[in-house]
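In: Turn this into a structure:
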Amino acid sequence: MGLTISLVIIAWVAWMIARKGYATAVLLIAGVFLLGMSVLLDLGPGLVIKKSTGSGFFDIFQVVQNIMSSNLGGLGLSIMAMGGFSKYMDTLHAGQALYSVVGGPLKYIKSPYILACVGFIISQIIGMAIPSASGLALMLMVTLYPVMIRAGVSRLTAVAIIGSSRFFDLGPGSANCLLAAKTSGITWAEYFFTWQLKIYFPLLLVMLVSHYFVQRYWERREGPDPQDIILQEQFHKEQVDEKIAVPKIYALLPVIPLIILLSFNPVVLGQFGININVDVPTAIVLSTLIAMAFDFLRRRDALEVLNGMKSFFEGLGKQLTIVVALIIAGQVFGEGLIAIGAVNSLISGVEGAGMGAGFMIIVMSLIIGAVAFLMGSGNAPFFSFAALIPGIAAKLGVPSAAMLLPLQTMTGFGRTISPVTGAIVAVAGIAGVSPFQIVKRNAIQLILCAIVNFILTFTVVLP
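Out: Okay, here's the model as predicted:
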């Protein structure tokens, strides 16, 4: 019954959003309804909370409170801090300075689509050190996005590139990678080199080629975006207007958080036995104070510098109302799907189907990708499935890693194509576009990657 109720609610959510209903309210109401049904009808596994209020009715809203608390102090805080920093960089015209420094070589790349693909490759390199999809996307919005826009890449193409930057979980900081390795009984290094790299480069090639043609197709079909024209005129004015001439040293300001995060993390410092791990909000606060110091040395006016700080909190508040609220609502909806038993029903159905290894992987991959799409998360569905895999793999006579790898890959695709994913919502909010526009721009690429993933499963992954 839980699965049936879930399908009806999912259809209602899709219908309301298609009618341009306020997505945050739609997802929140749907999630609370599912949580309520799990309590009212005693459907399993039920609500998951550490400390009950003593009332099933109030426990429903305790779940919502827990989600709000974890997001406002975790991912939400990172998004708000990065949004505030981005707004402050705009106030200082630091993006203009960054482009004046790095924009020279980019002028030789005439095609904005090739430039976008170069940006995608850069995002993959940086992503090795910043495993969080949201953290990586936010960092790229501060550093790479202004450069691409000034070089002639449209807003939607730029955010599509950045929104899909973490399409494949790769690197020692990825929770899914670490869990897959642990569940398979192998080291992270073995999982990375022996299994992941088998399929990563073919998938990367598919993303690059398809990005080039898909983004070009949408640009030609939709025509020039008036906002892009406004931005280009603004940037052109910045270049010729001496009144806002910015010192080139300001080019360092947008990348200071990136330098801090890449330098002070266990992956780098762990090589020297140093245990320092700096989070995004910490890096942003420090970077903002450094930027203020630079601005003071330039202006010699403390009052003007302090007043400029107002833009930081304006950007922070905007991300709370537009981005973080939607993430909270999406997670409430995801918790509702879990509480009412929809996810467990799908898993049990796959277990009892009696398929061969290859077809079992395809079916489970499609299911886990769909769950990741609905929840806007790659971790939650993979964590739900991963513990079941060793037993299934043993029955089918295949290594656990051979089943976990395609599943983990599909969670990345499902998360990346979801309009309620934190990374997608965050970049959409900063760029001033709809998350659904980003998803539309990335759908074909990720569908092609899913097909290639299945082909690689049969030809490369399975022994």
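
In: gap between the residue sitting furthest away from the middle of the chain and Gly378?
Out: Among the C-alpha atoms of the chain, the one most distant from their mean position (CA atoms, centre = their mean) is that of Arg300, at 39.5 Å. Distance, Arg300 to Gly378, using CB to CB, to the nearest Å: 48 Å. Placement of C-beta: from N, CA and C, glycine included.

In: And for Leu3?
Out: Counting by CB to CB, the gap from Leu3 to Gly378 is 22 Å.

In: Looking at those two, which one has more neighbours?
Out: Gly378 (29 against 18; other CB atoms under 10 Å).

In: Provide a list of residues in contact with the more buried one.
Out: Counting by CB atoms under 8 Å, 6 or more residues apart in numbering, Gly378 touches 133, 169, 176, 372, 411-412, 414-415.

In: residues near Glu222, how many?
Out: 13.

In: Could you list which residues are in contact with it?
Out: Leu156.

In: quick one, phi/psi of it?
Out: In terms of degrees, to the nearest 10, the main-chain angles of Glu222 are phi -90, psi -20.

In: can you tell me how far it sits from Ser377?
Out: Distance from Glu222 to Ser377, by CB to CB: 30 Å.

In: And Asn453, by the same measure?
Out: Here Asn453 is placed at a distance of 19 Å from Ser377 (CB to CB).

In: what's the helix or strand for the closest residue to Leu3 other than its chain neighbours?
Out: Leaving aside its chain neighbours, Leu3 sits nearest to Ser345 (4.2 Å; criterion: CB to CB, 6 or more residues apart in numbering). Using DSSP states H and E, Ser345 sits within helix 342-351.

In: right, and the helix or strand after the helix or strand of the chain with the lowest mean pLDDT?
Out: The helix or strand of the chain with the poorest confidence is helix 226-240; it has a mean of 64 (mean pLDDT, DSSP states H and E). Using DSSP H and E, the helix or strand that follows helix 226-240 in sequence is helix 256-263.

In: Pull the CA coordinates from that next one and hand them back as PDB.
Out: Only the C-alpha atoms of helix 256-263 are listed here, as PDB (Å, rounded to 0.1, in the frame of the first residue of the first chain):
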ATOM      1  CA  ILE A 256      40.800  32.300  -1.900                       C
ATOM      2  CA  PRO A 257      38.000  29.900  -0.700                       C
ATOM      3  CA  LEU A 258      39.100  27.400  -3.300                       C
ATOM      4  CA  ILE A 259      42.800  27.700  -2.200                       C
ATOM      5  CA  ILE A 260      41.800  27.200   1.400                       C
ATOM      6  CA  LEU A 261      39.600  24.200   0.800                       C
ATOM      7  CA  LEU A 262      42.100  22.500  -1.600                       C
ATOM      8  CA  SER A 263      45.000  23.100   0.800                       C
END
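
In: Just the buried positions in that helix, please.
Out: 256-258, 260-262 (16 or more other CB atoms under 10 Å).

In: low-scoring pLDDT stretches of the stretch 51-200 of the chain, where are they?
Out: 75, 95-96, 99-100, 102-104, 106-107, 129-131, 171-173 (pLDDT under 70).

In: Helices of that one, start to end?
Out: 56-73, 75-92, 94-106, 112-127, 133-150, 155-163, 175-184, 188-190, 197-222 (DSSP state H, counting those that start in this stretch).

In: Reformat these as CSV; add distance to Leu306.
Out: Output for the helices of the stretch 51-200 of the chain, formatted as CSV (distance: least, CB to CB, whole Å):
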stretch, distance to Leu306
helix 56-73, 26
helix 75-92, 12
helix 94-106, 18
helix 112-127, 32
helix 133-150, 22
helix 155-163, 31
helix 175-184, 40
helix 188-190, 46
helix 197-222, 42
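
In: could you say what helices and strands the helix or strand hosting Thr411 packs with?
Out: Per DSSP H and E: Thr411 is located in helix 400-416. If contacts are counted by 3 or more CB pairs under 8 Å, 6 or more residues apart in numbering; DSSP states H and E, helix 400-416 sits against helix 175-184, helix 197-222, helix 357-375, helix 379-386, helix 389-396, helix 422-431, helix 435-456.

In: Out of those, which is the most enclosed?
Out: helix 422-431 (a mean of 27; mean count of other CB atoms under 10 Å).

In: And that helix, how far out from the chain middle?
Out: A distance of 9 Å separates the centroid of the chain from that of helix 422-431, by CA atoms, centre = their mean, to the nearest Å.

In: What is it packed up against?
Out: Right, helix 422-431 is packed against helix 75-92, helix 133-150, helix 155-163, helix 310-319, helix 325-339, helix 400-416, helix 435-456 by 3+ CB pairs under 8 Å, 6+ apart.

In: Let's have these in CSV, adding distance to Lys182.
Out: Shown next, in CSV, are the helices and strands packed on helix 422-431 (distance: least, CB to CB, whole Å):
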stretch, distance to Lys182
helix 75-92, 23
helix 133-150, 21
helix 155-163, 29
helix 310-319, 34
helix 325-339, 22
helix 400-416, 10
helix 435-456, 22
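
In: can you tell me which of those helices comes nearest to Ser210?
Out: If you check each of the helices and strands packed on helix 422-431 against Ser210 by CB to CB, helix 435-456 wins as the nearest, at 4.2 Å.

In: Give me the contacts around the closest one.
Out: Residues contacting helix 435-456 (CB under 8 Å, 6+ apart): 156-157, 159-160, 163-164, 167, 198-199, 202-203, 206-207, 210-211, 214-215, 218, 326, 362, 365, 369, 406, 409-410, 413, 416-420, 424-425, 427-428.

In: cool, stretch 121-132 as well?
Out: The contact list for stretch 121-132 (CB under 8 Å, 6+ apart) reads 78, 136, 139-140, 144, 161-162, 165-166, 169-175, 204, 208, 258, 261-262, 265, 267-268, 280.

In: Gly152 contacts Ser111, correct?
Out: No - if you go by CB atoms under 8 Å, Gly152 and Ser111 don't touch, sitting 9.2 Å apart.

In: still on that earlier bit, would you mind saying which of the helices and strands packed on helix 422-431 lies nearest Leu28?
Out: Going by CB to CB, the one of those nearest Leu28 is helix 325-339, 4.0 Å.

In: gap between the nearest residue to Met207 once chain neighbours are set aside and Val420?
Out: The shortest distance from Met207 to any residue other than its chain neighbours is 5.5 Å, reached at Gln445 (CB to CB, 6+ apart). Remark: distance between Gln445 and Val420 (CB to CB) = 19 Å.

In: neighbour count winner among Gly152 and Ser111?
Out: Higher neighbour count among Gly152 and Ser111: Gly152, with 18 against 12, using other CB under 10 Å.
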